[in-house]
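Enquirer: This is a predicted model, with the sequence first.
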Amino acid sequence: MDSIKLTLPTKPEYVSLARLTIASVANNMGFSIGDVEDLKVAVSEACTNALNHSNNPDPTYDLTYLVESKKLVFTVTDRGVGFEPEAVAMPDLNGTQLGGFGLFIIKSLMDRVEIISERGSGTSITMIKNLSTTHEV
Amino acid sequence: MNSNNIIEMGKTSMVSIKGEIDIYSIEKFRASIEKIIKTQATEIILDCSELSYMDSTGMGVLIELRNKSKEMGQKIIMMNPRPNIKKLLSLTGVDKIIEIVDNPAN
């Protein structure tokens, strides 16, 4: 099992680096084009979450990719203020409440999502995508 | 994200959105569309043929812009979004409030 670790500055311009690395890892593993796109969105949403909602006093946050034989397990960890995942409301398309899309999208696109968040010590979002045995053409 | 290519055709403005829309490029995207909302255009077409990536940050701003343009009596249309972006528009329900068209010429 290979492990890749990346520490990114808490700056928006580096989120694309998280997408580039996951796309490269997922391509090597044999994920379909559609799944690679889903993985790019999921990691990007988790990074955006770490930048927008964590009030992270730390200048960096961490990404870990674990390459397993039939799945990719990846985690985005920040050292921000933390939040209560259950309290995140779904966005209202006609109103002003536009947050909450990120977690909803992650949960929709990934096979398994685990969020560990503690007030004052940060948030860790672990996402798992299984390598599909049927290949897209 | 690059959106300098704005074509005005009567009451329709067409803007070509290129590259990636994420947390880094979002303000540039918002500003370029807000500029068109301030004009007399009744229809704003976002040509997404060369838009390779968009996530929830873009979806949120799209909804904001759609609500703003609606107040001004304008309509925002997305043209030719790629399958990965179409999937997110459908997942979030944004495709129910913003018209999406596929131009067969592309």
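Expert: Okay, I see it. Residues are numbered from 1 along each chain as shown, chains lettered A, B, ... in the order given.

Enquirer: Using PDB, write out every CA atom in the lengthiest helix in chain B.
Expert: Across chain B, the longest stretch assigned as helix under DSSP state H is helix B:56-71. Provided in PDB are the C-alpha atoms of helix B:56-71 (Å, rounded to 0.1, in the frame of the first residue of the first chain):
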ATOM      1  CA  SER B  56     -19.700  23.900  -5.500                       C
ATOM      2  CA  THR B  57     -18.000  27.300  -5.300                       C
ATOM      3  CA  GLY B  58     -19.100  27.900  -9.000                       C
ATOM      4  CA  MET B  59     -22.500  26.500  -8.300                       C
ATOM      5  CA  GLY B  60     -23.100  28.800  -5.400                       C
ATOM      6  CA  VAL B  61     -22.100  31.900  -7.500                       C
ATOM      7  CA  LEU B  62     -24.200  30.700 -10.400                       C
ATOM      8  CA  ILE B  63     -27.200  30.600  -8.200                       C
ATOM      9  CA  GLU B  64     -26.400  34.100  -6.800                       C
ATOM     10  CA  LEU B  65     -26.000  35.500 -10.300                       C
ATOM     11  CA  ARG B  66     -29.200  33.800 -11.500                       C
ATOM     12  CA  ASN B  67     -31.100  35.300  -8.600                       C
ATOM     13  CA  LYS B  68     -29.600  38.800  -9.300                       C
ATOM     14  CA  SER B  69     -30.300  38.600 -13.100                       C
ATOM     15  CA  LYS B  70     -33.900  37.400 -12.400                       C
ATOM     16  CA  GLU B  71     -34.500  40.600 -10.400                       C
END
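
Enquirer: How about the residues of chain A by chain B?
Expert: Residues of chain A lying close to chain B by CB under 8 Å from any CB of the partner chain are A:12-13, A:15-16, A:19, A:34, A:37-38, A:40-41, A:44-45, A:47-48, A:51-52, A:91, A:93-94, A:98-99, A:101-102, A:104-105, A:108-109. Every C-beta, even on glycine, is put in place using the N, C-alpha and C of the backbone.

Enquirer: go again using 7 Å as the cut-off
Expert: A:12-13, A:15-16, A:37, A:40-41, A:44-45, A:48, A:51, A:93-94, A:98, A:101-102, A:105, A:108 (CB under 7 Å from any CB of the partner chain).

Enquirer: which residues of the chain score low on pLDDT?
Expert: Assuming you mean chain A. Residues of chain A meeting the criterion pLDDT under 70: A:54, A:89-99, A:133-137.

Enquirer: wait, chain B
Expert: B:3-5, B:8-10, B:104-106.

Enquirer: Spatially, and excluding backbone neighbours, which residue is closest to residue A:51.
Expert: In this structure, residue A:51 finds its nearest non-sequential neighbour in residue A:10, 5.7 Å apart by CB to CB, 6 or more residues apart in numbering or on different chains.
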